[in-house]
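> Quick one, what's the 3D model for this:
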Amino acid sequence: MNLQACIFLCCCSLEAQFQLPSYNVDQDHITISGFSSGGYMAVQMHVSYSATFRGVGVISGGPYHCAWSVPESERTFPELANPQIINVTKIQAIAEGLSEKGQIDSLEQLKSTKVFLLAGSLDTLIVPEVVEKTRQFYTKFVKDSNIHFEEIRSVHCFPTMNYGAECEVDHVKLINNCAYNAAFKILNHIETNIIEPQMETTSTAPLRFNISETLLTWVNLTAIGMDEIAYVFVPDQCKSRSIRCKLHVALHGCTQGVSTIGEDYVLYTGYNEVAEANNMIILYPQAKIIPDVNPFGCWDWMGTTGPLYATKQGPQILVIMKLVQHLTGITIL
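Below is the predicted model:
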């Protein structure tokens, strides 16, 4: 074996054995956000694990268990994006029933959490009225003063301060330059004492890791429309574990996974800059386009992974929560 081949095999072997470590995470500062299908999933995870997630940010996302508020024949897109058919009262009752059965955390846990909602006035895919339904859902369970709703002049996109296509122009990557730092706006509301970043870059890069290798167990991620690859951004000050850091889970929208648009969502949405300035770790799970399973690379907001999709036993939710548990070292499941 020549030296080059030996180096290649050794490097591959080390990479295969790499395990993402646990960090010193403050369990009172774990939050989540998402865009589009990621917004729906963020709501589902916030409601299901409200004892864990102390806040949620939703960009162009609808209310909890939205699909179950309509007849099964209408549980398709774009029907589910029609605000006229979303029955908020019914969804609230569904949530209460699931809470009583222990399939989601007690809804009492939601009261003190914080909610940030953002809609685009030019968004024709998830219209602002759908995001308003999300606000209406939360009003029964969260203090009014903890809910913040904004609407900006944008198409269906993740708005950034200075990256992407023009704010009013549809673009395949769905990340647009709106002179609006959505990542900061979200985290500034749902977290405490957040410093606005002054730098447009970070001193460290997100880490790419394999989910099955990290969890030390094989998970059939293909069957539930997820990628084996995920990312985590860990500021230098959090790597030593000498200080307690915050943790935020950031969920991309449909067709925004790394297998589709590369690492743009991980690198350019603005989360990392906020994280570095505020001792915060960012976890980026990845949905994946898989024919006949997840054709658009969405997070499951319609029940495609089964009837428990929006509960503590939802297949995608469980994988993400196992990653949260691993990163924090806190027993959640």
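> Just the CA coordinates for stretch 264-284, please, in CSV.
What follows is stretch 264-284, C-alpha atoms only, in CSV (Å, rounded to 0.1, in the frame of the first residue of the first chain):
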residue,chain,number,x,y,z
ASP,A,264,-26.4,27.9,2.0
TYR,A,265,-29.0,27.6,4.7
VAL,A,266,-26.3,26.5,7.2
LEU,A,267,-23.9,29.3,6.2
TYR,A,268,-25.9,32.3,5.1
THR,A,269,-29.1,32.6,7.1
GLY,A,270,-27.5,34.6,9.9
TYR,A,271,-27.9,32.2,12.8
ASN,A,272,-24.1,31.5,13.1
GLU,A,273,-23.2,35.2,13.5
VAL,A,274,-25.8,35.6,16.3
ALA,A,275,-24.7,32.4,17.9
GLU,A,276,-21.0,33.4,18.0
ALA,A,277,-21.9,36.7,19.7
ASN,A,278,-24.1,35.0,22.3
ASN,A,279,-22.5,31.7,23.3
MET,A,280,-25.1,29.7,21.4
ILE,A,281,-24.9,26.4,19.6
ILE,A,282,-26.9,25.9,16.4
LEU,A,283,-28.1,22.5,15.3
TYR,A,284,-29.1,22.1,11.6
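> Give me the distance from it to the chain's centre.
Mean-position distance between stretch 264-284 and its chain equals 12 Å (Cα atoms, centre = their mean, to the nearest Å).
> for stretch 20-32, same thing?
Here stretch 20-32 is found 15 Å from its chain centre; the criterion is Cα atoms, centre = their mean.
> Show the average pLDDT along it.
For stretch 20-32, mean pLDDT rounds to 96.
> Check which residues of it are buried.
By 16 or more other Cβ atoms under 10 Å, the buried positions in stretch 20-32 come out as 20, 23-26, 29-32. Backbone N, C-alpha and C define where each C-beta goes, glycine included.
> again with stretch 242-252
245-252.
> Could you pick out which of those are located in helices?
The helices, defined by DSSP state H, take in nothing from the buried residues of stretch 242-252.
> Of these, which is the nearest to F53?
Comparing the buried residues of stretch 242-252 against F53 with Cβ to Cβ picks out V249 as the nearest, at 8.0 Å.
> List the residues that contact that closest one.
For V249, the contacting residues are 30-33, 42, 45, 282-283, 285, 320, 324, by Cβ atoms under 8 Å, 6 or more residues apart in numbering.
> In strands, which of these fall?
Among the contacts of V249, the residues falling in strands (DSSP state E) are 30-33, 282-283.
> quick one: which of those residues is nearest I332?
Using Cβ to Cβ, those come closest to I332 at I30, 9.2 Å.
> which ones are touching that closest one?
52-54, 246-249, 324, 328.
> Okay, helices next: where are they in the protein?
According to DSSP H, the helices that the chain contains are 3-17, 37-48, 88-100, 128-139, 182-190, 211-215, 236-239, 258-261, 264-268, 271-277, 315-328.
> can you redo those as CSV with distance to G303, mean neighbour count and mean pLDDT?
As requested, the helices of the chain are exported to CSV (distance: least, Cβ to Cβ, whole Å; neighbours: other Cβ atoms under 10 Å; pLDDT from 0 to 100):
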stretch, distance to G303, mean neighbour count, mean pLDDT
helix 3-17, 35, 10, 34
helix 37-48, 11, 29, 98
helix 88-100, 12, 17, 97
helix 128-139, 17, 21, 98
helix 182-190, 26, 24, 98
helix 211-215, 23, 17, 91
helix 236-239, 36, 15, 94
helix 258-261, 23, 18, 96
helix 264-268, 24, 21, 97
helix 271-277, 28, 24, 97
helix 315-328, 11, 20, 97
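> Including distance to V169, could these go into a markdown table?
Output for the helices of the chain, formatted as a markdown table (distance: least, Cβ to Cβ, whole Å):
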| stretch | distance to V169 |
| --- | --- |
| helix 3-17 | 39 |
| helix 37-48 | 21 |
| helix 88-100 | 32 |
| helix 128-139 | 18 |
| helix 182-190 | 17 |
| helix 211-215 | 34 |
| helix 236-239 | 36 |
| helix 258-261 | 16 |
| helix 264-268 | 16 |
| helix 271-277 | 23 |
| helix 315-328 | 31 |
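> what's the closest of these to V155?
Where the helices of the chain are weighed against each other on Cβ to Cβ, the nearest is helix 128-139, at 12.0 Å.
> what angle sits between that closest one and helix 88-100?
40 degrees (axes from the mean of the first three to the mean of the last three Cα atoms, to 10 degrees).
> which secondary structure elements does helix 128-139 contact?
helix 88-100, strand 114-120, strand 147-152 (3 or more Cβ pairs under 8 Å, 6 or more residues apart in numbering; DSSP states H and E).
> want to throw the ones you listed into JSON lines with distance to I229?
Converted to JSON lines, the helices and strands packed on helix 128-139 look like this (distance: least, Cβ to Cβ, whole Å):
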{"stretch": "helix 88-100", "distance to I229": "31"}
{"stretch": "strand 114-120", "distance to I229": "27"}
{"stretch": "strand 147-152", "distance to I229": "31"}
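> ok, the closest residue to K239 other than its chain neighbours - contacts?
Distance criterion Cβ to Cβ, 6 or more residues apart in numbering; nearest residue to K239, sequence neighbours excluded, is Y23 at 7.7 Å. By Cβ under 8 Å, 6+ apart, the contact set of Y23 is 234, 238-239, 241, 245, 247, 281, 327-329.
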